[in-house]
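Participant: Below is the sequence, then the predicted model.
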Amino acid sequence: MMLFGKVSQQLCGIKKLPWSCDSRYFWGWLNAVFNKVDYDRIRDVGPDRAASEWLLRCGAMVRYHGQERWQMDYNHLPTGPLDKYKIQAIDATNSCIMSIGFDHMEGLQHVEKIRLCKCHYIEDDCLVRLGQLENLQKSILEMEIISCGNVTDKGIIALRHLRNLKYLLLSDLPGVKEKENLVQVFETALPSLELKLQLK
């Protein structure tokens, strides 16, 4: 009995190991693994298939050109010719996508709509990266960013490079502070944009 007491005291005195004692660290590590870019996979199966796998692995959904149904089950991704299924829309509601995975989007040429809602790992770097991708600068028509607490004015302003963007909804973004400046930036850069602000 005395021996057990000493051992338990020693164990309690050990500094917590992130991987074993704190589930937050574990889930953060696992989400980073899900977001890791496999460039060989992109080369082998094409950007749309590789991005679909990444998005679904992280809990997002995709819709392909010519289809009404959202694809949400990783195990039921369509098979067939690699160039047949082109991502048209992405709904990342409650997903764990993060900046390290955004290289998956580099080869996507047909994405017209992206919805980022309650994405805890989405931050300014993600939106800056989106704004830098030439294919997405041409193809994206609509975006919704809702309840993503790590997004600030810097990330939103980076979306001005999406030159064909027609609709942008910004809602419940506590990090966005300068609404008037955002309106001015988008009126100058994208005069035909419908900008809908639901911010405090």
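Facilitator: Good, I have the coordinates. Numbers count the residues shown, from 1 in each chain.

Participant: Can you list the buried residues in stretch 80-95?
Facilitator: 85-92, 95 (16 or more other C-beta atoms under 10 Å). (Each C-beta comes from the backbone N, C-alpha and C, glycine too.)

Participant: Oops, could you answer that again for stretch 181-197 instead?
Facilitator: So, applying 16+ other C-beta under 10 Å, buried residues of stretch 181-197: 182, 185-186, 190, 193, 195.

Participant: what about that stretch, distance to the chain center?
Facilitator: Here stretch 181-197 is found 22 Å from its chain centre; the criterion is C-alpha atoms, centre = their mean, to the nearest Å.

Participant: So which residues make contact with it?
Facilitator: Applying C-beta atoms under 8 Å, 6 or more residues apart in numbering, the external contacts of stretch 181-197 come out as 153, 156-157, 160-163, 165-171, 176, 179.

Participant: Straight-line length of stretch 102-122, end to end?
Facilitator: 10 Å (C-alpha to C-alpha, to the nearest Å).

Participant: Please report how far residue 131 lies from residue 189.
Facilitator: 11 Å (C-beta to C-beta, to the nearest Å).

Participant: got it, and residue 147?
Facilitator: When residue 147 is compared with residue 189 (using C-beta to C-beta), they lie 25 Å apart.

Participant: quick one on the thing from earlier: now go through the contacts of stretch 181-197 and say which are in strands.
Facilitator: Using DSSP state E, the members of the contacts of stretch 181-197 that fall within strands are 167-171.

Participant: Any of those residues buried? List them.
Facilitator: Using 16+ other C-beta under 10 Å, the buried ones in the ones in strands among the contacts of stretch 181-197 are 168-170.

Participant: The residue most central in space within the chain: what's it in contact with?
Facilitator: Nearest residue to the geometric centre of the chain (C-alpha atoms, centre = their mean): residue 97, 4.1 Å. If you count contacts by C-beta under 8 Å, 6+ apart, residue 97 has them with 35, 54-55, 58, 60, 119, 121-122, 126.

Participant: Any figure for the gap between the residue lying closest to residue 78 once chain neighbours are set aside and residue 114?
Facilitator: If the residues on either side of it in the chain are set aside, residue 78 comes closest to residue 85, at 5.5 Å by C-beta to C-beta, 6 or more residues apart in numbering. Residue 85 sits 17 Å away from residue 114 when distances are taken as C-beta to C-beta.
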